[in-house]
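# Predicted model, plus sequence, below.
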Amino acid sequence: MRVGIATDHGGFHLKEDLLGRLKAAGHVVVDFGAHTLAPGDDYPDFVIPLARAVSSGQVERGIAVCGSGVGASVAANKIPGVRAGLIGDHFSAHQGVEDDHMNIISMGGRVVGPFLAWELVEAFLAANYGQAERYLRRLDKIAALELQPSGHRA
């Protein structure tokens, strides 16, 4: 699978660990940075290009990491077509893909250790998008929100 990965300083070490594991598992990985540990960098500078690549189909799925995973998830979800989830457990890692078509997994480099992170990534990448009518109906409702002007509610 073609996978994108991005982080700031808060998840740098976890990203580097996952990068090696992804390549060893045979995935094609696009690394959106950070490429060096720089304590003053900002996660949107790396996560937004990742999210755009997922949205455009340049990569099939994405992994976004920051200190807590929260900011990376919030930033990624601002890009139309992205469905990022902050994940810390195995069930949600696959269920988010199956039921909600999650295409970016977000994790905290200061919260999740490398072994758990790898298990979550494996579950995320192995999961398939569910096609049950109820899932698709819900996704249509969410996608409709992206078409509404800011500040307006349906």
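All right, it came through fine.

# contact partners of the least confident helix or strand in the chain by mean pLDDT?
Least confident helix or strand of the chain, by mean pLDDT, DSSP states H and E, is helix 133-146 with a mean of 90. Helix 133-146 is touched from outside by 80, 81, 83, 98, 99, 100, 101, 154, with contacts defined as Cβ atoms under 8 Å, 6 or more residues apart in numbering. Every residue, glycine included, has its C-beta placed from N, CA and C.

# Toward the C-terminus, what is the element adjacent to the helix or strand harbouring residue 91?
Taking DSSP states H and E as the criterion, residue 91 maps to helix 90-100. Next helix or strand after helix 90-100 toward the C-terminus (DSSP H and E): strand 104-108.

# Can you give me every residue that contacts the residue nearest in space to the middle of the chain?
In the chain, the centroid-proximal residue (Cα atoms, centre = their mean) is residue 104; its distance is 2.2 Å. By Cβ under 8 Å, 6+ apart, residue 104 lies in contact with 50-51, 54, 61-64, 73, 76, 82-85.
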